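Trainee: Got a predicted structure here, sequence first:
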Amino acid sequence: MGKLRSLIWKELISIFRNPQMIASFVFIPIIFVAMGNLIEFGVEEAAKTIAETKIQVVLEDTHPLSRSIVAKLEEAGLVGGIHSSLGDVGDAPVILIIPRGFSESVLSILGGSQGPPPRLEIVMELESLSIAGMSKLEILENIPSIFRKLLQETILEEYGVNPSLLEVEPVVEPRVIVGGRVLAGEEANAIVASVSSSFFIVAMLMAIAGQYGALSMAQEKEDKTFETLLSQPVERVFIGVAKVVGALAVSIVNIVLFGASWYYYMSKVTGGATGGGALSTMIDILGKSGIVVFFAEALVAMMGAAMLGVILGGFARDTRTAGTFIGLIWMAAVLSGLALQIVGVPQNPVAVALMGASIILGPPTVFGSLIAGNNTVAYTALAATIAITAVILYILNKLLNSELLITGLGLKTKLRFRPIKS
Amino acid sequence: MVLSPTHKAVEVENLVKIYPGGIKGIDGVTFSVEEGEIYGLIGPNGSGKTTTLRIIATILKPTSGYARVFGHDVVKEPLAVRRYLSYFPEEAGAYRDLRGIDFIKFMVYTRLEGREAEEAVEEAIRISELGESLKQPVRRYSKGMKRILALSVVLASKPRLAILDEPTSGLDVERSIEVRNLIKRYVKNYGVTVLLSSHNMLEVETLCEKVAIIHRGRIVAEGYVDELKSRYSAVNLEEVFLEAIKSPIKVEA
């Protein structure tokens, strides 16, 4: 037992006297607390937005029956405004269109004729392609059922007929506007699911770039090649650039593998063809310029992530300590992707700039914004990512030309361990 | 590389290095190395040999004092300094996933180009004597093989200044003798200046013309080997070292 205790003691002392390891312990709760608060805030905001969403009604049908139903909707506090045509509405999150002839259709069915069923249209604009945003799509289901109930009440009150005995079932045509494109409800669902999944995947790609950057530096130290390399007659920044290129190569291979796997995954989770449909719709929505902007963002962010990895790896004494940094990078990426999946892309310019500057959240922010048609948001995030990557390159160059890579920061731990008595 | 003949290969003046955390690595080291010389820094472990060599090789920066290589300041002109020197660290290794031959090519081509590089690669292959093992990944090499691989590149690139930190550490006796002879041959044939460190006094005595004994971060004795022996009435450098650390004042003027 004494020998085992001695071995365990050695392991513990190696961990808890390693300043880099202790630094990683400090970061774990910080990451979780920050992300937890962000998600909580996002979910609360989304719930508030949904609760406060008012329907803009376009009352093309001027029949008293339709007017009565809309009045009931108003009494229930669900209506934000009543308009006579769609052109008068302007920007609105949800629009209910009661087309001309709606009441006549209802009344003719009540009269026993076999005419076409009454028809309603719902138009919804999705700005945030997140899980919170997806919950907005529930409105598409809620409005028709509320409307149906109010229709039945009104018919009973005003015509004394119980419509549940008759087949008066309005047909609802939901349309969702994403990035200026009008999509059917099911198609919109597939797009939102695809985009929110992509947040997660793209964030992880940043982690891969960072991981390779950190490992390549740590491996130089472990292979005892670092000093030889640093004494070569090359600009030190070239060493960093070469490592970034290596990290990009690894990331690009991963993008291809992830892309193919993701395509397969989405075709499964969205029910067969919609996976491919969602992908082609997304490519269609992005357009050539959108694709260029997204890839530029992804490339710059991957470079930034790789450089951050190289910097962190430069402070790691070996691959083991680099592993603790990598764990943090991955944790940050996974939690960030998750947060963005739930909260969605913010619209506030400061928040968007921070997302871009965070590197990990830059590409998902740009992607989500481009899909939602918020090009200004996408360009703001891209500019922020470029700016922060330039700063990171400057820091990397300074670090490679300093001696900190060899000496470290000289951090000391004050933890004391009582030696084991043999 | 055309140089002014007035410059010494290495000039070190009052070099002090204090590491983060306040640990003093060296404390006022001064010495100089003439071109074409084999100069040895000797001292026990932790005496400051590696710190001194790392500063000259532009790996570390001095806290105060200066070091010049062929007239170029190691802090102000590090790239110019690195063009003149080739550094063999105490724990020199090689990339585990590269084959030996790839490592040689990589290291040579970061220093030389064209015909010169091709010749250096051929020479490194010859010096290393690793034969077919050069086609194997480095992860299959023994420690000694890795060191000889790294050393072959340093010598084959024929730098103006070769800084060798414990060049024979980790090598068996036979290989150590070969390496010493190799170093001597390169100095003689190509005019390479060698600054080496070792705690093996016998090695330094057989290899170096001039030595400096470093102890607790300070040079306690410096001069030609025979001169030091007569100065301290010693039969070998080990005795010189033991005497010098007792009365650390006999530095050559």
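Mentor: Structure's in. What do you need?
Trainee: mind checking the backbone torsions on the one residue in the stretch 101-250 of chain A that gets nearest to chain B?
Mentor: Nearest to chain B in the stretch 101-250 of chain A, going by C-beta to the nearest C-beta, is residue A:224, at a distance of 3.1 Å. C-beta here means a position set from N, CA and C on the backbone, and glycine is covered the same way. Here is the backbone geometry of residue A:224 (degrees, to the nearest 10): phi 60, psi 40.
Trainee: Could you identify the helix or strand that succeeds the longest helix along chain B?
Mentor: What stands out as the longest helix in chain B, according to DSSP state H, is helix B:173-190. Of the helices and strands lying after helix B:173-190 in sequence (DSSP states H and E), the nearest is strand B:193-198.
Trainee: List phi and psi for the nearest residue to residue A:316 once chain neighbours are set aside.
Mentor: Using C-beta to C-beta, 6 or more residues apart in numbering or on different chains and skipping the chain neighbours, the partner closest in space to residue A:316 is residue A:322 (3.8 Å). Per-residue torsions, residue A:322: phi -60, psi -40 (degrees, to the nearest 10).
Trainee: Would you mind measuring from residue A:322 to chain B?
Mentor: Distance of residue A:322 to chain B, computed by C-beta to the nearest C-beta, to the nearest Å: 15 Å.
Trainee: repeat for residue A:289
Mentor: Residue A:289 is 41 Å from chain B, by C-beta to the nearest C-beta.
Trainee: Now that residue: which helix or strand?
Mentor: Assigned by DSSP H and E, residue A:289 falls in helix A:273-315.
Trainee: Okay, and residue B:206 sits in which element?
Mentor: If you go by DSSP H and E, residue B:206 is part of helix B:201-207.
Trainee: Check which helices and strands that helix sits against.
Mentor: strand B:38-42, helix B:173-190, strand B:193-198, helix B:237-246 (3 or more C-beta pairs under 8 Å, 6 or more residues apart in numbering or on different chains; DSSP states H and E).
Trainee: picking that back up, shouldn't the residue nearest to residue A:316 be in contact with residue A:312?
Mentor: Yes: counting by C-beta atoms under 8 Å, residue A:322 touches residue A:312, with 7.3 Å between them.
Trainee: Could you tell me which residues touch both of the two?
Mentor: Common neighbours of residue A:322 and residue A:312 (criterion: C-beta atoms under 8 Å, 6 or more residues apart in numbering or on different chains): A:214, A:217.
Trainee: Tell me which of the two has more neighbours.
Mentor: When residue A:322 and residue A:312 are compared for neighbours, residue A:322 comes out ahead with 27 against 23, by other C-beta atoms under 10 Å in any protein chain shown.
Trainee: pLDDT value on the more buried one, please?
Mentor: As predicted, residue A:322 sits at a pLDDT of 82.
Trainee: Now for it: which residues touch it?
Mentor: By C-beta under 8 Å, 6+ apart, the residues touching residue A:322 are A:214, A:215, A:217, A:218, A:312, A:313, A:316.
Trainee: By proximity to chain A, which residue of chain B wins?
Mentor: For chain B, C-beta to the nearest C-beta, closest residue to chain A: residue B:20, 2.6 Å.
Trainee: In three-state terms, label that residue for me.
Mentor: Each residue gets one of three states, and residue B:20 gets coil by DSSP: H, G, I helix; E, B strand; the rest coil.
Trainee: Give me the number of neighbouring residues for it.
Mentor: Using other C-beta under 10 Å, residue B:20 has 13 other residues around it.
Trainee: my guess is it meets residue A:406, correct?
Mentor: No: assessed by C-beta under 8 Å, residue B:20 is found out of contact with residue A:406, at 10.5 Å.
Trainee: returning to what we had before: name the residues of the longest helix of chain B that are buried.
Mentor: Within helix B:173-190, the residues that count as buried by 16 or more other C-beta atoms under 10 Å in any protein chain shown are B:175, B:176, B:178, B:179, B:180, B:182, B:183, B:186, B:187.
Trainee: Do you have the strands of the chain handy? List them.
Mentor: Let's take chain A. A:55-59, A:79-83, A:94-98, A:119-126, A:171-178, A:181-184 (DSSP state E).
Trainee: Sorry, I should have been clearer: chain B.
Mentor: B:10-18, B:24-33, B:38-42, B:64-69, B:72-73, B:85-88, B:161-165, B:193-198, B:210-215, B:218-224, B:250-251.
Trainee: Mind telling me which of those the model trusts least?
Mentor: Among these, strand B:250-251 carries the lowest mean pLDDT, at a mean of 50.
Trainee: can you pull the contacts of the spatially closest residue to residue A:313 that is not a sequence neighbour?
Mentor: In space, and not counting its chain neighbours, residue A:313 is closest to residue A:217: 3.0 Å by C-beta to C-beta, 6+ apart. Counting by C-beta under 8 Å, 6+ apart, residue A:217 touches A:243, A:309, A:310, A:312, A:313, A:314, A:316, A:322, A:405.
Trainee: nearest to chain B, of the residues you listed?
Mentor: residue A:405 (8.8 Å).
Trainee: I would like the residues contacting stretch A:331-340, please.
Mentor: Residues outside stretch A:331-340 that contact it (C-beta under 8 Å, 6+ apart): A:28, A:31-32, A:35, A:38-39, A:42, A:130, A:196, A:199-204, A:206-207, A:210, A:358, A:360-361, A:364-365, A:368.
Trainee: And these, which of them are buried?
Mentor: So, by 16+ other C-beta under 10 Å, the buried ones in these are A:35, A:38-39, A:42, A:130, A:196, A:199-204, A:206-207, A:210, A:358, A:360-361, A:364-365, A:368.
Trainee: Quick one: name the residues of chain A near chain B.
Mentor: By C-beta under 8 Å from any C-beta of the partner chain, the residues of chain A that approach chain B are A:219, A:223-225, A:227-228, A:230-235, A:401-403, A:406-410, A:412.
Trainee: What's the ChimeraX line that selects buried ones from the residues you listed?
Mentor: Those of these that count as buried under 16+ other C-beta under 10 Å are selected in ChimeraX with:
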select /A:219,223,224,225,227,228,230,231,232,233,234,401,403,406,407,408
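Trainee: got a pLDDT number for residue B:145?
Mentor: On pLDDT, residue B:145 comes in at 89.
Trainee: got it, and residue B:83?
Mentor: In this prediction, residue B:83 carries a pLDDT score of 94.
Trainee: List phi and psi for the spatially closest residue to it that is not a sequence neighbour.
Mentor: If the residues on either side of it in the chain are set aside, residue B:83 comes closest to residue A:233, at 4.3 Å by C-beta to C-beta, 6+ apart. Main-chain dihedrals, residue A:233, degrees, to the nearest 10: phi -80, psi 60.
Trainee: ok, residue A:233 touching residue B:87?
Mentor: No: look at residue A:233 against residue B:87 with C-beta under 8 Å: they stay out of range, at 10.8 Å.
Trainee: residues contacting residue A:230?
Mentor: If a contact means C-beta under 8 Å, 6+ apart, then residue A:230 has A:236, A:239, A:405, A:406, B:58, B:59 as its contacts.
Trainee: if we can go back for a sec, so can I have CSV of the helices and strands packed on helix B:201-207 showing distance to residue B:76?
Mentor: CSV is the format used below for the helices and strands packed on helix B:201-207 (distance: least, C-beta to C-beta, whole Å):
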stretch, distance to residue B:76
strand B:38-42, 23
helix B:173-190, 28
strand B:193-198, 20
helix B:237-246, 33
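Trainee: Chain B against chain A: which residues are in contact?
Mentor: Taking C-beta under 8 Å from any C-beta, the part of chain B that reaches chain A is made up of B:19-21, B:54, B:57-61, B:78-79, B:82-83, B:85-89, B:91-96, B:107, B:110-111, B:146, B:150, B:163.
Trainee: What's the ChimeraX line that selects buried ones from these?
Mentor: Buried members of these, defined by 16+ other C-beta under 10 Å, are picked up in ChimeraX with:
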select /B:19,54,57,58,59,60,61,78,82,83,85,86,87,88,89,91,92,93,94,95,96,107,110,111,146,150,163
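Trainee: circling back to that earlier point, of the contacts of residue A:322, which is the most crowded?
Mentor: Neighbour counts for these peak at residue A:214, which has 31 neighbours (criterion: other C-beta under 10 Å).
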